[in-house]
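Novice: kindly return the folded structure for what I paste below:
(2 chains)
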2 protein chains.
Amino acid sequence: MNVFQEINAPLRTIMTPGPVEVDPRVLRAMSTPILGQFDPAFTQMMNETMEMLRQVFQTQNKWAFPIDGTSRAGIEAVLCSVIEPGDKVLIPIFGRFGHLLTEIAERNGAEIHIIECKWGEVFDQQVIIDEVRKVKPKVLAIVHGETSTGCMQPLDQIGPACRELDVLCIVDAVATIGGTEVKVDEWKLDAVIGGTQKCLSVPSGMAPITYNGRVERLLATRKKVERGVAQEHDRVHVQHPIRSNYFDLSQLQDYWGPRRLNHHTEATSMLYALREGVRIVLQEGLEERFERHRLHEKALIEGIKAMGLELFNDVSWKLPMVTCVTIPDGIDGEAVRTMLLEQFGIEIASSFGPLHGKIWRIGTMGYSCRKENVLFVLAALEAVLIRHHASIQIGQGLQAALNVYES
Amino acid sequence: MNVFQEINAPLRTIMTPGPVEVDPRVLRAMSTPILGQFDPAFTQMMNETMEMLRQVFQTQNKWAFPIDGTSRAGIEAVLCSVIEPGDKVLIPIFGRFGHLLTEIAERNGAEIHIIECKWGEVFDQQVIIDEVRKVKPKVLAIVHGETSTGCMQPLDQIGPACRELDVLCIVDAVATIGGTEVKVDEWKLDAVIGGTQKCLSVPSGMAPITYNGRVERLLATRKKVERGVAQEHDRVHVQHPIRSNYFDLSQLQDYWGPRRLNHHTEATSMLYALREGVRIVLQEGLEERFERHRLHEKALIEGIKAMGLELFNDVSWKLPMVTCVTIPDGIDGEAVRTMLLEQFGIEIASSFGPLHGKIWRIGTMGYSCRKENVLFVLAALEAVLIRHHASIQIGQGLQAALNVYES
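Specialist: This is a model prediction of the structure:
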């Protein structure tokens, strides 16, 4: 037998685009003894979580509940429940997570149409709308906040245009939910996937989603009640049943809805975490929370610039909770990250694909998005860069950030 | 805004076949502040968890890791990664969860072959082996511990026969892992799925799986590295790619293996829980833990019988951690369950399908499997049955259980 010691995890300052530090109140909520999944005290908590999720998504949708898996489980649940083989799906790609949408849609038999722009840019909404008119897809699937490039795609015109053209608009808001506006109803988004481990500051392992009646009606045409719990009137023939049982939203609805039809065993402790996480978001207030994200973003940006470093995403479409810093010439980005972790216990992120080795990504999300963390990461980055002989403005970063905080 | 109060969950005595009470040490482990998913301190914990899972599965397999989802996510991950459209899959069904295997295999395009026996029975192993010879499937998928009926299917001859016939033997050991022998290597099982929320006493939300080189070689033929993280040498054509991205074991391997290729964001707090859960299992000792499950099963059975109630699964193939009690004539099973919950805070289970309304199912799993709980459930059941005017032997149940504990 090889039995290890109990967990003895170092305490980190986590300034990545996720997963980020979990609010201590959420950590505490997870240590609540569990309840059975059909215990009335538990189903009441499920309902309360749905009600609070609706508010976070700024929607009147009936359906707003978590998928029991990490964020991409939420994306897959929506896409595989909506896409039937041969369906046209249009995916505008402006970073890694657009590719992920393609990956998932493709495996579900979609006929994929892609438009791409350079990593670091986003699309003019009219370009996407024109493409929707041209391709006439069943689904437009698009990322809202692209953490790989630190860019945010405006959606306020795309959603209404899709509605008018009878195209389903599905949005990956994993990075943005709880950190900036995601106006599901106002923007006329049909299905939206949020993430827990970013601005909600809940551990990874659940993916809150919401969808409207348009999606629900589509699901109804593919619905198949599970053998073993089906009753006689449930047995209907379905032409293209949903390919996944675990991600079948038509079944999950029956579990989250009043029928409470047994499906998976709800992930109790993660639900406690999510319930507490969204409760904290609403307690802070959506507007106040978005404002806090903007404040710390500003302090970080000013500090970075004052240090003499260049921002990769100093653009009007910058994702407010991810700041991308161009790695100075001659500096080994990974060596800097390692030293930050080993000497300061601070984690920042590298990037993917064409940006790998070119930028650092610093997150200011949820509970990690606070003054001490911003000041500490600036102080540490300066010290590590001096140690790596980078040419920077010494002593200026913290002063600039303090100016923001004191103004 | 409608913001609810913080969690205030009642404390229950959970005596169902899952989810069961979580070990307090596991609850505590979950409140550990999180680490980034590629933090060396975290990847070391991932490796330690794999090492301990191997021991729990009694295997030398290289691959033993959790799927980030509930138990059926583990089942779906294995089945959808192995089954290609048109593959013959043989599924012997002896309860609800055999139907679940069918449900999942079917959605993955399998050609399904079913043999069924009456709920409450299991198969003579030779019957299954003969069917394997006849059908010549690619996969035999079978449940080990069927919680819906409280029965356990012996597998020690089925596994070796499948190996000899070059059939992949995939086993749902969700209910049995950590509570009774699941000898993956000795029984020559190719892939096995365990559950967290039963005998491991970890919350629902992860599904530990293991599979051997035979499965790994099959995965290699279907491997497709994700766009956005793929490198040039990764781009190969695959005839039948795995239909799910989230459940693609060939990609998950690259995340759990030394390549550490980015996939989902590992569910940190659930991994902490699982690591602590399997650590506690190994610390107790597998043999000692199985013996503990047998002891409390015996006390419960003796108590139930002495009360004058009838066991539904008083058979040699009884699942040691689930005791099914026939609901006496004229008694409303649901009213009894409700009173147990409302007056005593005790949860026991009803059942599904043909057994619905006919039996109660009482679990003795993991942390719930202890003397106080067994004695309390017997005391409460007696009181509630007296209240419902059932004809039982008053005062005998606890005496019989105490006899077991004191002998």
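
Novice: any stretches of chain A with poor pLDDT?
Specialist: Along chain A, segments meeting pLDDT under 70 span A:227-236.

Novice: so where do the helices sit in it?
Specialist: A:24-30, A:40-56, A:71-82, A:96-107, A:125-135, A:158-164, A:213-220, A:249-256, A:268-284, A:286-306, A:333-344, A:371-387, A:396-406 (DSSP state H).

Novice: now those helices as CSV including mean neighbour count and distance to residue B:47?
Specialist: All C-beta spots, glycine's among them, are computed from the backbone N, C-alpha and C. What follows is the helices of chain A, written out as CSV (neighbours: other Cβ atoms under 10 Å in any protein chain shown; distance: least, Cβ to Cβ, whole Å):
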stretch, mean neighbour count, distance to residue B:47
helix A:24-30, 21, 23
helix A:40-56, 19, 34
helix A:71-82, 28, 23
helix A:96-107, 24, 26
helix A:125-135, 16, 44
helix A:158-164, 20, 44
helix A:213-220, 16, 40
helix A:249-256, 22, 33
helix A:268-284, 25, 23
helix A:286-306, 19, 34
helix A:333-344, 17, 18
helix A:371-387, 19, 28
helix A:396-406, 17, 37
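
Novice: could those helices go into a markdown table alongside distance to chain B?
Specialist: Below are these laid out as a markdown table (distance: least, Cβ to the nearest Cβ, whole Å):
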| stretch | distance to chain B |
| --- | --- |
| helix A:24-30 | 4 |
| helix A:40-56 | 5 |
| helix A:71-82 | 5 |
| helix A:96-107 | 4 |
| helix A:125-135 | 20 |
| helix A:158-164 | 22 |
| helix A:213-220 | 15 |
| helix A:249-256 | 10 |
| helix A:268-284 | 4 |
| helix A:286-306 | 9 |
| helix A:333-344 | 7 |
| helix A:371-387 | 13 |
| helix A:396-406 | 23 |
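
Novice: dump those helices to TSV, plus distance to residue B:243.
Specialist: What follows is those, written out as TSV (distance: least, Cβ to Cβ, whole Å):
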stretch	distance to residue B:243
helix A:24-30	33
helix A:40-56	28
helix A:71-82	8
helix A:96-107	5
helix A:125-135	24
helix A:158-164	26
helix A:213-220	19
helix A:249-256	17
helix A:268-284	25
helix A:286-306	37
helix A:333-344	35
helix A:371-387	41
helix A:396-406	48
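
Novice: so which of these is nearest residue A:148?
Specialist: Of all these, it is helix A:96-107 that lies closest to residue A:148, at 3.8 Å by Cβ to Cβ.

Novice: run the angle between that closest one and helix A:71-82 for me.
Specialist: Going by axes from the mean of the first three to the mean of the last three Cα atoms, to 10 degrees, helix A:96-107 is angled at 40 degrees with respect to helix A:71-82.

Novice: gap between helix A:96-107 and the chain center?
Specialist: Centroid separation for helix A:96-107 versus its chain: 15 Å, with Cα atoms, centre = their mean, to the nearest Å.

Novice: quick one: residue A:144 from residue A:182, how far?
Specialist: Taking Cβ to Cβ, to the nearest Å as the measure, residue A:144 falls 7 Å from residue A:182.

Novice: who touches both of these two?
Specialist: Residues touching both residue A:144 and residue A:182 (Cβ atoms under 8 Å, 6 or more residues apart in numbering or on different chains) are A:171, A:173, A:176.

Novice: let me see the contact set for the residue minimising distance to the centre of chain A.
Specialist: Chain A has residue A:174 as the residue nearest its centroid, 1.3 Å off, counting by Cα atoms, centre = their mean. Applying Cβ under 8 Å, 6+ apart, one finds that residue A:174 lies in contact with A:71, A:74, A:75, A:97, A:145, A:193, A:194, A:195, A:198, A:207.

Novice: tally of neighbours for residue A:142?
Specialist: Here the number of neighbours of residue A:142 (other Cβ atoms under 10 Å in any protein chain shown) works out to 27.

Novice: wait, I meant residue A:151
Specialist: Burial of residue A:151 is recorded as 24 neighbouring residues (other Cβ under 10 Å).

Novice: hmm, it is touching residue A:120, no?
Specialist: Yes. Using Cβ atoms under 8 Å, residue A:151 is in contact with residue A:120, at 6.6 Å.

Novice: quick check: neighbours shared by the two?
Specialist: A:313, A:315.

Novice: tell me the contacts of residue A:133?
Specialist: Counted by Cβ under 8 Å, 6+ apart, residue A:133 has contacts residue A:165.

Novice: and it, how far from residue A:121?
Specialist: According to Cβ to Cβ, residue A:133 stands 22 Å off from residue A:121.

Novice: what do you get for residue A:81?
Specialist: As judged by Cβ to Cβ, residue A:81 and residue A:121 stand 31 Å apart.

Novice: then residue A:202?
Specialist: Taking Cβ to Cβ as the measure, residue A:202 falls 31 Å from residue A:121.

Novice: and those two? Which one has more around it.
Specialist: Set residue A:202 next to residue A:121 and count neighbours by other Cβ under 10 Å: residue A:202 wins out with 36 against 16.

Novice: my guess is that one contacts residue A:26. True?
Specialist: Yes. The pair residue A:202 / residue A:26 is scored as a contact, 5.5 Å apart, by Cβ under 8 Å.

Novice: got any residues that touch both of those two?
Specialist: Counting by Cβ under 8 Å, 6+ apart, the contacts common to residue A:202 and residue A:26 are A:273, A:276, A:277.

Novice: who's in contact with the second one?
Specialist: With contacts defined as Cβ under 8 Å, 6+ apart, the neighbours of residue A:276 are A:23, A:25, A:26, A:28, A:29, A:202, B:6, B:7.

Novice: at 10 Å what do you get?
Specialist: Residue A:276 makes contact with A:22-23, A:25-30, A:32, A:49, A:52, A:201-202, B:4, B:6-7 under the criterion Cβ atoms under 10 Å, 6 or more residues apart in numbering or on different chains.

Novice: skipping its backbone neighbours, what lies nearest it in space?
Specialist: Leaving aside its chain neighbours, residue A:276 sits nearest to residue A:29 (3.8 Å; criterion: Cβ to Cβ, 6 or more residues apart in numbering or on different chains).

Novice: so what's residue A:335 up against?
Specialist: A:384, A:387, A:388.

Novice: roughly how far does it sit from residue B:200?
Specialist: From residue A:335 over to residue B:200 the distance is 41 Å, taken as Cβ to Cβ.

Novice: now swap in residue A:117 and tell me
Specialist: Residue A:117 is 47 Å from residue B:200, where distance means Cβ to Cβ.

Novice: same deal with residue A:48?
Specialist: Counting by Cβ to Cβ, the separation of residue A:48 from residue B:200 is 28 Å.

Novice: same deal with residue A:401?
Specialist: With distances taken as Cβ to Cβ, residue A:401 is found 46 Å from residue B:200.

Novice: count of residues packed around the closest residue in space to residue A:182 that isn't next to it in sequence?
Specialist: Once flanking residues are discounted, residue A:182 sits nearest to residue A:173: 4.7 Å by Cβ to Cβ, 6+ apart. The local packing of residue A:173 (other Cβ under 10 Å) involves 30 other residues.

Novice: could you do the one 10 residues further on as well?
Specialist: Around residue A:183 there are 15 other residues, counting by other Cβ under 10 Å.

Novice: and what of the one 4 residues further on?
Specialist: In terms of burial, residue A:187 registers 22 neighbours under the definition other Cβ under 10 Å.

Novice: can you pull the contacts of residue A:272?
Specialist: Shown in contact with residue A:272 (Cβ under 10 Å, 6+ apart): A:26, A:28-35, A:42, A:45, A:49, A:202, B:7, B:9, B:30, B:203.

Novice: do the same with residue A:153
Specialist: By Cβ under 10 Å, 6+ apart, residue A:153 lies in contact with A:92, A:94-95, A:98, A:117, A:121-123, A:125, A:128, A:142-146, A:171-172, A:176, A:317, A:319.

Novice: mind doing that once more with 7 Å?
Specialist: A:94, A:122, A:123, A:142, A:143, A:144 (Cβ atoms under 7 Å, 6 or more residues apart in numbering or on different chains).

Novice: tell me which residue in the stretch 101-250 of chain A sits closest to chain B.
Specialist: residue A:205 (3.2 Å; Cβ to the nearest Cβ).
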